[in-house]
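*Asks:* can you look at this prediction? I've put the sequence above it.
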Amino acid sequence: MATSSLRFIDLFSGAGGLSEGLGYAGWKGVFACESEPQFARCYSTNFPSIMMRNADIQTLDPAKIRKELGMASGELDLVCGGPPYQGFFLETEDDGFADPRTQLYRNFLRFVKVFAPRAVLVEAGSNLLTLAKGETFEDMMVGLERLGYGTDTALLGAHWYGIPQVRWRIFIVGLKGRDVPPNAFPEPENSCKPMPGFYTEFRAKDILRRPGPKAAKGHVTVKEAIGDLPKIANGEKWPAGGGYGTKPSCPYQILARKGSISVANHDAPSLSAVNLERMSHVPPGGNWLDIPDELLTTALLRSRGSDHAEHSDRYGRCSPRGLSGTILSKCDPHWGAFYHYNQERGFTVREAARLQSFPDRFVFTGSQLKQFGQVGNAVPPLLAKAVGQSLKKVLK
């Protein structure tokens, strides 16, 4: 089968991190769905040839869409996406199943039923293992199995696949009418810390893909990821069409610049005076523990001397030789290590995108807040590429 014949639809596409990575692996997108207007606009800007539907998936008829695409049942190669599970964060008597948002992944299954693709790929955060006591995860797997798909799942660490960021993601693979072989998931390319500090079992099996003896030592560092981007001050906006001013100094930077001659989305957020003062006390690799008491919030003051791991990255300054913490939908220093390692400012959207492995030619749209959301909610493209390559080999 020719690589170009492997076609996919991307549901809950967001800005398009999963689609970008699958494109690297030789897949061809034909349809995408995203309910958030600015995210859908970003997707269409970067994937103009893919049919985008900016709509709530619950209002869409998959049979009509399949007809629009001119496909018969079973003709599509892949249905993929990251259905939201935010309803399960709510405290309800039935662990979240009453919330209408929890039905979104069942609408994902509705598309799978109508299209009957050769394969299914689901992406989610690591908290899916414990949300609703694991019932959410089980419900998705059982739903696919009832539709005739063999299923398996793996927990992947982004930093083991050439991404300069600690980010844990769960992937579910379903294959029509057959069991999922072990090589449907990619083997880690790098061997480095950290390891996950949470539960990694599902159905009495450890699903974490650990680096093997063939994995290379080391990782892509923060400096390798963003060190070539132009220096700017707190609140400064990089001019539209502004160039790099330096040459790339490592393979990661060369890859990031491919197809781009200018730097977009490189405006520094305007941090408040108190945040700038806090930052002045934090060395590279440091965090809120380096900040004097009089500059801390009441909540953090109460945490002094206690063992609160969830506070460890707050008001942190990343280490140039280390990995970035998880890029969030808001790169606010209150929530993580989002101070630049040697410039007195926070991360720009472009730097967050680099740490997510987006190429510089990928443009984010809307307000700066929306742009950070598009980056932080995305699947790292290089991680999606690794998964897409493995799945492609299985289907061939």
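*Replies:* In hand now; what should we look at?
*Asks:* got any ranges where this protein has weak pLDDT?
*Replies:* 1-4, 85-103, 307-311 (pLDDT under 70).
*Asks:* ok, the residue located most distally from the centre of it to His334 distance?
*Replies:* Here the chain reaches farthest from its C-alpha mean at Glu294, the gap being 35.9 Å by CA atoms, centre = their mean. Distance of Glu294 to His334, computed by CB to CB, to the nearest Å: 17 Å. For glycine as for every other residue, the C-beta is placed from the backbone atoms N, C-alpha and C.
*Asks:* for Leu76, same thing?
*Replies:* Leu76 is 43 Å from His334, by CB to CB.
*Asks:* and these two? Which one has more around it.
*Replies:* Leu76 (24 against 14; other CB atoms under 10 Å).
*Asks:* is Pro333 in a helix, a strand, or coil?
*Replies:* Secondary structure, DSSP: H, G, I helix; E, B strand; the rest coil: Pro333 is coil.
*Asks:* that one: neighbour count?
*Replies:* As a measure of burial, Pro333 has 24 neighbours, counting by other CB under 10 Å.
*Asks:* identify the residues contacting it.
*Replies:* By CB atoms under 8 Å, 6 or more residues apart in numbering, Pro333 lies in contact with Leu271, Asn275, Arg278, Met279, Arg314, Tyr315, Gly316, Tyr339, Gly346.
*Asks:* tell me, how many residues neighbour the first one?
*Replies:* I take that to be Leu271. For Leu271, using other CB under 10 Å, the count is 20.
*Asks:* which phi and psi does it have?
*Replies:* Dihedral angles of Leu271 (phi, psi; degrees, to the nearest 10) stand at phi -80, psi 150.
*Asks:* can you name the residues that contact it?
*Replies:* By CB under 8 Å, 6+ apart, the contact set of Leu271 is Asn234, Gly235, Met279, Pro333, Arg345, Gly346.
*Asks:* mind picking the two most distant members of these?
*Replies:* Gly235 and Pro333 (14.3 Å; CB to CB).
*Asks:* now do the lengthiest helix in the chain: which elements does it pack against?
*Replies:* For the chain, the helix with the greatest residue count under DSSP state H is helix 381-395. Applying 3 or more CB pairs under 8 Å, 6 or more residues apart in numbering; DSSP states H and E, we find helix 381-395 packed against helix 17-24, strand 119-125, strand 149-157, strand 168-176.
*Asks:* packing partners of the third one?
*Replies:* Yep, that's strand 149-157 we're talking about. So strand 149-157, by 3+ CB pairs under 8 Å, 6+ apart, packs with helix 135-146, strand 168-176, helix 381-395.
*Asks:* now do the last one
*Replies:* The criterion is 3+ CB pairs under 8 Å, 6+ apart, and the helices and strands that strand 168-176 contacts are strand 119-125, helix 135-146, strand 149-157, helix 381-395.
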